[in-house]
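A.B. asks: I would like to see how this sequence folds:
(one chain, ligands or ions: 2)
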Amino acid sequence: MKIFDLHAHPVLKYFYLQDRIPENRGFDAIPLFNIPLRSFYPLSIRCSGQRLVKGRVGALASAVVVPEPRVRLFQRKTLSAWFQRLIISRLAPTATRGLSSETPYQLTLGMMNSVASRIASDRDPGSGKPRLALIKSMNELDLAVDRGLVAIYHAIEGGNCLYDAFPDPETLLFTLHEGDTWDVFRERLSTLRNLGLMQVTTSHYFDTHFVPQCENTQLPFKSSDDRAPMRYQGSCCLFHQAPFARLVVEACCQEGIAVDLVHASPEARWRAMETCKDHDRPVIVSHGCVRGPDDAFQPHPYALSDQELLKLHEMDGLLGLILSTCRHSYEHRGKKSDRGLPLLLETIKHVKKITGSTRILAIGSDFDGLSDPMDDCSDPSEFQDGLVEALESEPSLKYDDIEGICWNNAHRVMARAWRRAGASSFHSTTADHPSPGRASDIA
Ligand SMILES: [Zn+2]
Ligand SMILES: [Zn+2]
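C.D. replies: Ligands and ions are numbered 1, 2, ... in the order given. You can find the predicted model right below:
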């Protein structure tokens, strides 16, 4: 069964933390270092070329992240967290050199270049043949898959990827500088689209002038005592106060870039869905989860409500299921046993009950990102033995459902999302939108 993975970070650790590994090594990790521990371990690469091939990954979004300052990576005070911190601090000179001297936009361009170079130089160590292809359209994706290659496309996670500066460390607000006009951001979006950017996650951990986020500057689901769910204090701005919110959603629709609403606040998600609907474009939530009956699965605004599931179904959108146990079940968070696939099946059954089908479901692993992968499907090589086998074991899922979740749903929806609109046929609804303001407008 082919897998369409809507969200992963195959090159993130190479780019920031392991940039001494030359790009001509492609996607092959150095085996000595490749020990995928729980949580974020900088020396492991889950999405190695070998594992992508073994898991029969057909398509994969490679997401650029520009880490915001003060994102607290290691709040747990366990030995392994201290060990990870030690490793990071050893590698920090490599990582921070880039972070301090380059702007978020330059880092974004740099990482997209690095993805392209690694893909171009990647070879199967046995046969010497290429295994991966960088694709810029659905046509290219289909051609790559026909040739037996893994089709990889660029995504960015967070509107802050387009900025010229990091947020103010005191206020945690991104500030607009002279020249940071919508025209500049719009031009950058076009430039990135021409380089193959096919998916934009509008928000990440901080509010920007793009679309408000829901997680309030902490990693999701963590608090200072590491037990209680993070207190949700609401976004510091609302969709209509983020000057570029509607503009960026519309620009993505026009450019044929999929709008990804994961990490956006519920209010922003709803408004962005309405905007996409106005333009007959789908939306996706690339690596998400659901709140479940009476919020029993995940009582956090990151998770989708039943109303949102129905809305996604109505507009033929997608929910990529994240492969992280704590997102699918708050109750199972931090437990010793981290088998997540049974919980994933509960999520799938809930979506089927609410929407009457599995058409909105897909996979968004978030491998090699900051989330903690589930033990029973912890890297792409386990897609077939872990994920597909679990889906096949669920009596309520028919073959069509499983094929849909693994491949067909994402293929169908992305074909619509990647359609570029001709300038003449695209009618903007921004006429009534207030002109973009300064950063203080959204405080
Ligand atoms: Zn994310
Ligand atoms: Zn991610």
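
A.B. asks: ranges for the strands of the stretch 301-443 of the chain?
C.D. replies: For the stretch 301-443 of the chain, the strands defined by DSSP state E, counting those that start in this stretch occupy 318-321, 361-363.

A.B. asks: Just list whatever residues bridge to I3.
C.D. replies: On the basis of DSSP bridges, I3 is bridged to V57.

A.B. asks: So for it, what's the pLDDT?
C.D. replies: I3 is assigned a predicted lDDT (pLDDT) of 98.

A.B. asks: just I156 next, same as before
C.D. replies: Predicted confidence (pLDDT) at I156: the value is 97.

A.B. asks: In stretch 124-138, which of the residues would be classed as buried?
C.D. replies: P130, R131, L132, A133, L134, I135, K136, S137, M138 (16 or more other CB atoms under 10 Å). C-beta coordinates here come from the backbone N, C-alpha and C atoms, glycine included.

A.B. asks: if we can go back for a sec, as a markdown table, the strands of the stretch 301-443 of the chain with mean pLDDT and mean neighbour count would be great.
C.D. replies: Listed next are the strands of the stretch 301-443 of the chain as a markdown table, based on pLDDT from 0 to 100; neighbours: other CB atoms under 10 Å:
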| stretch | mean pLDDT | mean neighbour count |
| --- | --- | --- |
| strand 318-321 | 98 | 28 |
| strand 361-363 | 98 | 27 |
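
A.B. asks: Up against ligand 2, what does the chain have?
C.D. replies: Applying CB under 5 Å from the ion, one finds that the chain approaches ligand 2 through D366, G369.

A.B. asks: Redo the strands of the stretch 301-443 of the chain as a markdown table? Include distance to G292.
C.D. replies: Putting the strands of the stretch 301-443 of the chain into a markdown table (distance: least, CB to CB, whole Å) gives the following:
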| stretch | distance to G292 |
| --- | --- |
| strand 318-321 | 13 |
| strand 361-363 | 15 |
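
A.B. asks: returning to that earlier point: could I get the buried residues of stretch 124-138 as a markdown table with pLDDT?
C.D. replies: Formatted as a markdown table, those follow (pLDDT from 0 to 100):
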| residue | pLDDT |
| --- | --- |
| P130 | 97 |
| R131 | 97 |
| L132 | 98 |
| A133 | 98 |
| L134 | 98 |
| I135 | 98 |
| K136 | 97 |
| S137 | 96 |
| M138 | 97 |
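
A.B. asks: Keep only those of the residues you listed that are in helices.
C.D. replies: M138 (DSSP state H).

A.B. asks: Just give the number of residues close to the closest residue to Y153 other than its chain neighbours.
C.D. replies: Sequence neighbours aside, M198 is the residue nearest to Y153 in space, at 4.5 Å (criterion: CB to CB, 6 or more residues apart in numbering). Per other CB atoms under 10 Å, the neighbour tally for M198 reads 24.

A.B. asks: What is the helix or strand M198 falls within packed up against?
C.D. replies: Using DSSP states H and E, M198 sits within strand 197-201. Strand 197-201 sits against strand 57-64, strand 150-157, strand 258-260, strand 283-288, with contacts defined as 3 or more CB pairs under 8 Å, 6 or more residues apart in numbering; DSSP states H and E.

A.B. asks: and the following helix or strand past that strand with strand 283-288, angle?
C.D. replies: Downstream of strand 197-201, the next assigned helix or strand under DSSP H and E is helix 245-255. When axes from the mean of the first three to the mean of the last three CA atoms, to 10 degrees is applied, the directions of helix 245-255 and strand 283-288 differ by 100 degrees.

A.B. asks: Using CSV, write down the CA coordinates of helix 245-255.
C.D. replies: C-alpha atoms of helix 245-255 as CSV (Å, rounded to 0.1, in the frame of the first residue of the first chain):
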residue,chain,number,x,y,z
ALA,A,245,-4.5,36.5,7.3
ARG,A,246,-7.0,36.6,4.5
LEU,A,247,-4.4,37.8,2.0
VAL,A,248,-2.1,34.9,2.6
VAL,A,249,-4.9,32.3,2.4
GLU,A,250,-6.1,33.9,-0.9
ALA,A,251,-2.6,34.1,-2.3
CYS,A,252,-2.0,30.4,-1.6
CYS,A,253,-5.3,29.6,-3.4
GLN,A,254,-4.2,31.6,-6.3
GLU,A,255,-0.7,30.2,-6.5
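
A.B. asks: tell me which strands and helices it is in contact with?
C.D. replies: Packed next to helix 245-255, using 3+ CB pairs under 8 Å, 6+ apart, are helix 182-194, strand 258-260, helix 266-278.

A.B. asks: ok, back up a step: give me the sheet partners of the strand holding M198 and which way each runs.
C.D. replies: Partners of strand 197-201 in its sheet, by DSSP bridges: strand 150-157 (parallel), strand 258-260 (parallel).

A.B. asks: Just put the helices and strands packed on strand 197-201 in a markdown table and tack on mean neighbour count.
C.D. replies: Converted to a markdown table, the helices and strands packed on strand 197-201 look like this (neighbours: other CB atoms under 10 Å):
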| stretch | mean neighbour count |
| --- | --- |
| strand 57-64 | 26 |
| strand 150-157 | 26 |
| strand 258-260 | 29 |
| strand 283-288 | 30 |
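
A.B. asks: out of those, nearest to N24?
C.D. replies: strand 150-157 (17.1 Å; CB to CB).

A.B. asks: And that closest one, how far out from the chain middle?
C.D. replies: 10 Å (CA atoms, centre = their mean, to the nearest Å).

A.B. asks: Could you do stretch 349-364 as well?
C.D. replies: When distances are taken as CA atoms, centre = their mean, stretch 349-364 is centred 19 Å away from the chain's centroid.

A.B. asks: Could I have the CA atoms of it written out in CSV?
C.D. replies: C-alpha atoms of stretch 349-364 as CSV (Å, rounded to 0.1, in the frame of the first residue of the first chain):
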residue,chain,number,x,y,z
LYS,A,349,-13.7,5.5,13.9
HIS,A,350,-14.8,8.8,15.5
VAL,A,351,-14.3,10.7,12.2
LYS,A,352,-16.2,8.0,10.4
LYS,A,353,-19.0,8.2,12.9
ILE,A,354,-19.3,12.0,12.6
THR,A,355,-18.8,12.5,8.9
GLY,A,356,-20.1,9.1,7.6
SER,A,357,-16.9,8.3,5.8
THR,A,358,-13.1,8.2,5.9
ARG,A,359,-12.8,10.6,2.9
ILE,A,360,-11.1,13.4,4.9
LEU,A,361,-8.5,11.2,6.4
ALA,A,362,-4.8,10.9,5.5
ILE,A,363,-1.4,10.5,7.2
GLY,A,364,0.8,13.4,8.4
